[in-house]
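Trainee: Predicted coordinates and the sequence they were generated for:
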Amino acid sequence: MDQFWKLIRRFRSDERGVFAVIFGVLAIVLVVSSGGVVDFVGVQNARSMAQPALDSATLSLHSEIDDLNETQIGELAESLINDRLDALGLSASVETVSINTEEGTLFIEARFAYTTAFLSLIGIDTINSRIHSEVTSKSLNIEVALVLDSTASMGGPKLAALKSSARALVDELMPEESNPDISIALVPFNRYVNIGRSNRSEPGLDIEADYTWTPAGERCWNTYPNDTRRCDRRRVSYACTRDGVPSTCTRWQYYNCTGSRGDPVRVCRPQYTRNFRWYGCMGSRHLAPFDTVDTNYATDPVPGIIRHWNTCRVTPMTELTHTRADLRTAITAMRARDNTYIPTGLMWGWRLLSPQTPFTAEPYNDENKKVIVLMTDGMNTISPNLAWTASEGSTHRVHRGGNTNEANTKTIELCSNIADENIVIYTIAFEVTDPTIRTILSDCAANGGSYFDAGNAAELEQAFADIADELQSLRISR
């Protein structure tokens, strides 16, 4: 018996192994606590992804409040939300739909369940979270000008990425074929902007009538009627520059030539008559200070480019429209050509949003939010200068100079003047390597707009998606 009581006393006083037990218990607590933070962060991230989906659904269904009941709208909203959330591994259920046809209000509340990774250790498998959105007939009217670089350096995969990203933005902002609360314009630019021949007679423009001109004298050249030369040829590559971007070009190379050209024979002919036409492109205003302001069109109108061959190698712009199909068609039609002059794109984007001539948009006030989205892939390579020669008619300021500093200065001035009108400016640098233009674009973003530095097609797509989400949020009443 004495041995038994000794064993009991020793068991009560022996503390070996206690630390391991306590540590094991505390470890579970620490893991659950730390993991709980991770799970709650996950819930917030899920909310940030689910809220735009609900906002988009509410905006899309707002036009149906006079035709559908709350149950029908709830079913459609849940389908629209989950179409977007499915790819994110989330799902939501619509719990409340409230329609007020007198006020033109649609309110939708939804709930989603977030599956936990750590809190499940203590029996909490999901965390429920609610989101809501409301749209009224008095929601903000938004006008957006997409000012998009369509220069030669944008050719190939870059232009394809731009088109895809721009179409996705249009589809996000216009989930239905027509949307009266939002209008979008498209302004492709290179050295010029093509405003479309149908706008020839708009006020504030100075576009001469088409004409013909025959220079005096003769034109002469050498011919070689006794040419017996024969050569082999092959296509060779060489280093060149396209719109300021190093590239590779090809040309024919002639070799193994035999024979000779023979003696030249001089031939002269009367000068041919040249037909000067306006193809839709616009130059810079005669008085340089007006290049960057939206005033005084009566005294200094915007000149059209008149030429006897088509220098207007850019897709026509699309004025503000509520129709999605028009924008998608215009985006698809964009082509990559010529060099870069950013101010012309910015200026015409501004003019399409302005209540001034030549195009009259909604007035500047609290009910109309005006937005410019400017995207370029490189620096200014073109600047304005005086036109061709006096004998060829116009003395308008065409864009054939090469003063990058002047073009950059005008870009900066335009950004400042546009921002002064409380226009929101988003800027996107797409695979831009020039530090100067990147700084200019970053500084240009204003009034709640953002600057995006997209280094590849995926980042460009994300930039447009982020802009679309931000613009959608402007239209949500709460």
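Mentor: Good, I have the coordinates.
Trainee: Could you use CA atoms for every contact and neighbour count after this?
Mentor: Noted.
Trainee: Start and end of stretch 451-458, how far apart?
Mentor: Length of stretch 451-458, first residue to last, C-alpha to C-alpha, to the nearest Å: 16 Å.
Trainee: mind listing what's buried in it?
Mentor: Buried residues in stretch 451-458, counting neighbours by 16 or more other C-alpha atoms under 10 Å, are found at 451, 452, 453, 454, 457.
Trainee: mind giving me JSON lines with the residues you listed and columns for distance to residue 468?
Mentor: Shown next, in JSON lines, are the buried residues of stretch 451-458 (distance: C-alpha to C-alpha, whole Å):
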{"residue": "451", "distance to residue 468": "14"}
{"residue": "452", "distance to residue 468": "13"}
{"residue": "453", "distance to residue 468": "16"}
{"residue": "454", "distance to residue 468": "16"}
{"residue": "457", "distance to residue 468": "17"}
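Trainee: These in strands, which ones?
Mentor: Judged by DSSP state E, strands contain the following of these: 451, 452, 453, 454.
Trainee: any idea which of the residues you listed is closest to residue 346?
Mentor: residue 451 (15.4 Å; C-alpha to C-alpha).
Trainee: Tell me the bridge partners for that closest one.
Mentor: residue 427 (DSSP bridges).
Trainee: what sits against it?
Mentor: The contact partners of residue 451, taken as C-alpha atoms under 8 Å, 6 or more residues apart in numbering, are 426, 427, 428, 429, 441, 442, 445.
Trainee: how about the helices of the stretch 101-250 of the chain, start to end?
Mentor: Using DSSP state H, counting those that start in this stretch, the helices assigned to the stretch 101-250 of the chain run over residues 157-173.
Trainee: Helix 157-173 and the helix or strand harbouring residue 326, what's the angle between them?
Mentor: For residue 326, the enclosing helix or strand under DSSP states H and E is helix 324-332. Helix 324-332 runs at 170 degrees relative to helix 157-173, counting by axes from the mean of the first three to the mean of the last three C-alpha atoms, to 10 degrees.
Trainee: what are the ranges of the helices in the stretch 251-400 of the chain?
Mentor: All helices of the stretch 251-400 of the chain, identified by DSSP H, counting those that start in this stretch, fall at 324-332, 342-353.
Trainee: Which one of those lies nearest to residue 267?
Mentor: Residue 267 sits nearest to helix 342-353 of all the helices of the stretch 251-400 of the chain, at 43.4 Å, using C-alpha to C-alpha.
Trainee: buried set for that closest one?
Mentor: Of all the residues in helix 342-353, those buried under the rule 16+ other C-alpha under 10 Å are 342, 343, 344, 345, 346, 347, 348, 349, 350, 351, 352, 353.
Trainee: elements contacting that helix?
Mentor: Under the contact criterion of 3 or more C-alpha pairs under 8 Å, 6 or more residues apart in numbering; DSSP states H and E, helix 342-353 touches strand 141-149, strand 182-189, strand 368-376, helix 404-420.
Trainee: Identify, out of those, the most deeply packed stretch.
Mentor: Highest mean neighbour count of these: strand 182-189, a mean of 27 (counted as mean count of other C-alpha atoms under 10 Å).
Trainee: what inclination does it have with respect to strand 368-376?
Mentor: Using the same axes, to 10 degrees: strand 182-189 against strand 368-376 is 30 degrees.
Trainee: Give the rounded mean pLDDT of strand 182-189.
Mentor: What strand 182-189 shows for mean pLDDT is 97.
Trainee: likewise stretch 276-285?
Mentor: On average, stretch 276-285 scores 94.
Trainee: So which bits of stretch 168-186 are buried?
Mentor: Buried-residue list, stretch 168-186, by 16+ other C-alpha under 10 Å: 168-176, 179, 181-186.
Trainee: Could you let me know which of the buried residues of stretch 451-458 ends up closest to residue 327?
Mentor: When those are ranked by distance to residue 327 (C-alpha to C-alpha), residue 457 comes first, at 20.8 Å.
Trainee: Could you count how many residues lie near residue 219?
Mentor: Residues near residue 219, counting by other C-alpha atoms under 10 Å, number 12.
Trainee: Name the nearest of the ones in strands among the buried residues of stretch 451-458 relative to residue 421.
Mentor: Among those, residue 451 lies closest to residue 421 (C-alpha to C-alpha), at 18.8 Å.
Trainee: quick one: low-confidence parts of the stretch 201-350 of the chain?
Mentor: Filtered on pLDDT under 70, the stretch 201-350 of the chain yields no residues whatsoever.
Trainee: and if we set it to 80?
Mentor: Low-confidence segments of the stretch 201-350 of the chain (pLDDT under 80): 242, 244-246, 287-288.
Trainee: pretty sure residue 282 contacts residue 195?
Mentor: Yes - in terms of C-alpha atoms under 8 Å, residue 282 counts as a neighbour of residue 195; the distance is 7.4 Å.
Trainee: what about the two, which has more around it?
Mentor: Legend: neighbour count by other C-alpha under 10 Å for residue 282 and residue 195, higher for residue 282 (28 against 22).
Trainee: Leaving out chain neighbours, which residue sits closest to the more buried one?
Mentor: Nearest in space to residue 282, with sequence neighbours left out and distances taken as C-alpha to C-alpha, 6 or more residues apart in numbering, is residue 304 at 4.4 Å.
Trainee: can you count the residues close to the one you found?
Mentor: 26.
Trainee: can you pull out the strands in the stretch 151-300 of the chain?
Mentor: 182-189, 205-206, 211-213, 218-223, 230-242, 245-258, 265-270, 274-282 (DSSP state E, counting those that start in this stretch).
Trainee: now those strands in JSON lines, with distance to residue 199?
Mentor: Formatted as JSON lines, the strands of the stretch 151-300 of the chain follow (distance: least, C-alpha to C-alpha, whole Å):
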{"stretch": "strand 182-189", "distance to residue 199": "14"}
{"stretch": "strand 205-206", "distance to residue 199": "9"}
{"stretch": "strand 211-213", "distance to residue 199": "19"}
{"stretch": "strand 218-223", "distance to residue 199": "37"}
{"stretch": "strand 230-242", "distance to residue 199": "31"}
{"stretch": "strand 245-258", "distance to residue 199": "33"}
{"stretch": "strand 265-270", "distance to residue 199": "36"}
{"stretch": "strand 274-282", "distance to residue 199": "8"}
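Trainee: Out of those, which is closest to residue 367?
Mentor: With C-alpha to C-alpha as the criterion, residue 367 lies closest to strand 182-189 of the strands of the stretch 151-300 of the chain, at 12.0 Å.
Trainee: can you give me how far the closest one is from the chain middle?
Mentor: Relative to its chain's centre, strand 182-189 lies at 10 Å (C-alpha atoms, centre = their mean, to the nearest Å).
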